[in-house]
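K.L.:
Make a model of this:
(2 chains)
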Amino acid sequence: MSDIPTSPSWRTRWDAAALRRGLTIPLLLALAYVAVVDFGLVRHPLLVPLGRIVLVPFVDPDGRYLWGAIAISLARVVAGVLIGGTLGIGLGLALGLSRAATAAVAPSIHTVRQIALFAWIPLLTAWFGNGEAAKIVFVSLSAFFPTFLNTEQGLRGVPQSYREVARVLRLPLRRRLTRLMLPGALPSILIGMEIALISAWIGTVGAEYAIGSGRGLGSFLSAAREQFRMEIVLIGVLALAAIGYGVNTAAKTVLRGFVKGGDRS
Amino acid sequence: MTRLSQQSAADAALSLRGVGKTYEVNGVPLPVLRHVSLDLARGEFLAIVGASGCGKSTLLRLIVGLDARFEGEILVDGQRVADPGMDRGIVFQDHRLFPWLTVGENIGLGLDAIDLPSAEKARRIAAQIALVGLDGFASAYPHQLSGGMAQRAAIARALVAEPNILLLDEPFGALDSLTRLYLQEELLRIWSDRRVTIVIVTHDVEEALFLADTVVVMEPRPGRISSIARVALSRPRDRGSPEFAALKQRILEDLRR
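P.N.:
Prediction:
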């Protein structure tokens, strides 16, 4: 039996230590950057003092738009995860539960899956134009594959020994689903959703950067680069990293809450 | 208890007629069971012992209905077996409780196929939990149980639908020896409480002799019955008695042949 101590105090202490360790390298890098750039050891148009970079979203008229761009990008992530995740889980369930569905659909899906995500962009823009539709379809696609694959695999991974129990007890179909297949696949489905969120975030920024004009963090970065506003590019990249990290952490925290019964082994 | 092998098989709780099973390994037929015939009286306690590979677990899988492709006939209360049914319950070596369900919910799975008012189901589950001595653990999760307790819960799950036949596939094989002795006594108590027909597969001759009315010795390649011994000792049996030792000696010799 694994009795991992999970008392709040223990957890907080661990988190604090992890936070300290995690922040060490970024802080050292920031200090080095400040020492080299802010104090003027090296001067170059590409190197903007850190002091100016962090103030850009508050004082600069162009930089202030960062907040709106973040909101728009996050809205696309949510839309894409909802659409792609629903389709992915739905198709994953169909294929994981039905041999007939697998035989009919799996070869096509697994062939299409071989196409690198960003290679879809030319096709999607041709079909849906350079506007919002192509972006949402692209983000949905980037959330679809991880949820689909993990749902399907989760169902396949339900141990044969448990399936035999269900057969011996003659569990009716509905109970077989709710008591065996879905809870058995749940950890894998949740991992799929976790990956889908990250994948959708990357997909969103990529789509905004690559597909036409518009709003959002990717377009914000693209515009800043074209105007050679290095301080805006740099704060945009920092925002990308911070939000990606935040999305990941939030997904883990929320989704872990779903897993009942502690130790799943 | 009298063996009914001379009486008509329709009266038997369980009857095997020339049961055989052949697996195909890379296109080569591999017989694992050949001509296994047995009759069990209602309420009889039968143990099957044999070296690993003698097909004794395969035999249980056929009886419980997990594999319908075999030769010969298996009759439960005179009916041919083709599928799993509520007239048979099985306990595997690993408890196979679903880790995401509580003990009570796991036991309740045994009643999902039966149309009963939920109050009656709850009553039966509670009665099973009491029968196997797990009072107070209904809302515990399997990982919170010891191996012995988990196996008790598995027994309760197999019995909750009140089957006529309980099949046990090396149920105590993975437990420590003290828990094992204790659960053997518990199994006898449950058996005499419920008067269920039991078939237990084990590789432990002493366990077979302590529990069963009849001990069937199987030999491997292909799996078949090599001898059948009646255990006429009265219960509770004394593992240290000369009669027990003599029977054990005889069966061990059968196994070594």
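K.L.:
quick one: residue A:146 and residue A:89 touch, right?
P.N.:
No - the criterion here is C-beta atoms under 8 Å, and residue A:146 misses it with residue A:89 at 10.5 Å. The C-beta positions use only the backbone N, C-alpha and C, and glycine is treated the same way.
K.L.:
Pull up the overlap in contacts between the two.
P.N.:
Residues touching both residue A:146 and residue A:89 comprise residue A:192, with contact defined as C-beta atoms under 8 Å, 6 or more residues apart in numbering or on different chains.
K.L.:
Which residues are in contact with residue 163?
P.N.:
In the absence of a named chain, this looks at chain A. So residue A:163 contacts residue A:180 (C-beta under 8 Å, 6+ apart).
K.L.:
you looked at the wrong chain, it should be chain B
P.N.:
For residue B:163, the contact set (C-beta under 8 Å, 6+ apart) comprises B:86-89, B:196.
K.L.:
Repeat that for residue A:83.
P.N.:
A:136, A:140, A:143.
K.L.:
Show the buried residues in those residues.
P.N.:
A:136, A:140, A:143 (16 or more other C-beta atoms under 10 Å in any protein chain shown).
K.L.:
Look at the second one and report its pLDDT.
P.N.:
What that stands for is residue A:140. Per-residue confidence for residue A:140 comes out at a pLDDT of 95.
K.L.:
Quick check: residue A:116 vs chain B, distance?
P.N.:
Using C-beta to the nearest C-beta, to the nearest Å, we find residue A:116 at a distance of 37 Å from chain B.
K.L.:
right, I mislabeled it, should have said residue A:40
P.N.:
Counting by C-beta to the nearest C-beta, the gap from residue A:40 to chain B is 61 Å.
K.L.:
Just give the number of residues close to that residue.
P.N.:
9 (other C-beta atoms under 10 Å in any protein chain shown).
K.L.:
Ok, residue A:95 next?
P.N.:
So residue A:95, with other C-beta under 10 Å, has 24 neighbours.
K.L.:
Correct me if wrong: it contacts residue A:104.
P.N.:
No - at 9.2 Å, residue A:95 does not count as touching residue A:104 under the criterion of C-beta under 8 Å.
K.L.:
Mark out where each domain of chain B begins and ends.
P.N.:
Split into domains by automatic domain parsing, chain B comes to B:2-87+B:163-256, B:94-162.
K.L.:
okay, those in a markdown table with distance to residue A:173 and mean pLDDT next?
P.N.:
Formatted as a markdown table, these follow (distance: least, C-beta to C-beta, whole Å; pLDDT from 0 to 100):
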| stretch | distance to residue A:173 | mean pLDDT |
| --- | --- | --- |
| domain B:2-87+B:163-256 | 15 | 89 |
| domain B:94-162 | 11 | 93 |
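K.L.:
For residue A:228, which of the ones you listed is the nearest?
P.N.:
Nearest of the domains of chain B to residue A:228, taken as C-beta to C-beta: domain B:94-162 at 55.9 Å.
K.L.:
thinking again about what came up before, tabulate the contacts of residue A:83 (TSV), appending secondary structure and distance to residue B:138.
P.N.:
Below are the contacts of residue A:83 laid out as TSV (DSSP: H, G, I helix; E, B strand; the rest coil; distance: C-beta to C-beta, whole Å):
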residue	secondary structure	distance to residue B:138
A:136	helix	48
A:140	helix	44
A:143	helix	40
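K.L.:
Distance from the chain centre to stretch B:140-157, please.
P.N.:
From the chain centre to the centre of stretch B:140-157 is a distance of 17 Å (C-alpha atoms, centre = their mean, to the nearest Å).
K.L.:
Stretch B:203-220 now?
P.N.:
What separates the centre of stretch B:203-220 from the centre of its chain is 12 Å, taken as C-alpha atoms, centre = their mean.
K.L.:
Next, give phi and psi for residue A:25.
P.N.:
Main-chain torsions, residue A:25, degrees, to the nearest 10: phi -70, psi -50.
K.L.:
Return the distance of it relative to chain B.
P.N.:
For residue A:25 relative to chain B (C-beta to the nearest C-beta), the value is 38 Å.
K.L.:
Report pLDDT for that residue.
P.N.:
So, for residue A:25, pLDDT stands at 90.
K.L.:
What is the neighbour count of it?
P.N.:
Using other C-beta under 10 Å as the criterion, residue A:25 is surrounded by 9 other residues.
K.L.:
that older thread, from the buried ones among the contacts of residue A:83, which is closest to residue A:173?
P.N.:
Checking the buried ones among the contacts of residue A:83 against residue A:173 with C-beta to C-beta, the nearest one is residue A:143 at 29.0 Å.
K.L.:
So that closest one sits against residue A:78, correct?
P.N.:
No - contact criterion C-beta under 8 Å: residue A:143 and residue A:78 do not qualify, at 10.1 Å.
K.L.:
Okay, now the unreliable bits of chain A?
P.N.:
Along chain A, segments meeting pLDDT under 70 span A:1-14, A:213, A:259-265.
K.L.:
at 50 instead, please
P.N.:
A:1-8, A:261-265 (pLDDT under 50).
K.L.:
quick one, helices of the chain?
P.N.:
You didn't say which chain, so I picked chain A. A:8-33, A:50-59, A:65-97, A:99-112, A:120-128, A:132-156, A:160-168, A:173-175, A:182-210, A:217-226, A:230-256 (DSSP state H).
K.L.:
wrong one, I was asking about chain B
P.N.:
Using DSSP H, the helices found in chain B span residues B:56-64, B:103-108, B:118-131, B:147-159, B:177-194, B:205-211, B:242-256.
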